[in-house]
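Participant: Here you go, sequence then predicted model.
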Amino acid sequence: MKVRNALSTRQQAQLLTMRDAMLVAPHIEGKKGNAAYATARKILKNSGKRVKNLKRVVELAQEIA
């Protein structure tokens, strides 16, 4: 059984946001503003992921990086 199946819907969403942020974090390190958003959008698009709230992912990735 996957861990994801044992979580609530909200916790699953938070887990997916964390995963996307960890994917984007190394690429947006040192970037600010529109450059960070554009890079994050490009990385997520290339990996085939669709993000509902890009702002949340970028802010979390900047905290990680």
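Facilitator: Thanks, I have the structure now.
Participant: burial count for Glu63?
Facilitator: Using other Cβ atoms under 10 Å, Glu63 has 9 other residues around it. Placement of C-beta: from N, CA and C, glycine included.
Participant: Repeat that for Glu59.
Facilitator: Counted with other Cβ under 10 Å, the neighbours of Glu59 add up to 13.
Participant: So for the strand or helix carrying it, mean pLDDT?
Facilitator: Secondary structure from DSSP states H and E places Glu59 in helix 54-64. Helix 54-64 comes out with an average pLDDT of 95.
Participant: ok, now how distant is Val51 from Met22?
Facilitator: 13 Å (Cβ to Cβ, to the nearest Å).
Participant: Those two: which is more packed in?
Facilitator: Between Val51 and Met22, Val51 has the larger neighbour count (other Cβ under 10 Å), namely 18 against 14.
Participant: where does the more buried one fall, helix, sheet strand or coil?
Facilitator: At Val51, secondary structure determined by DSSP: H, G, I helix; E, B strand; the rest coil is coil.
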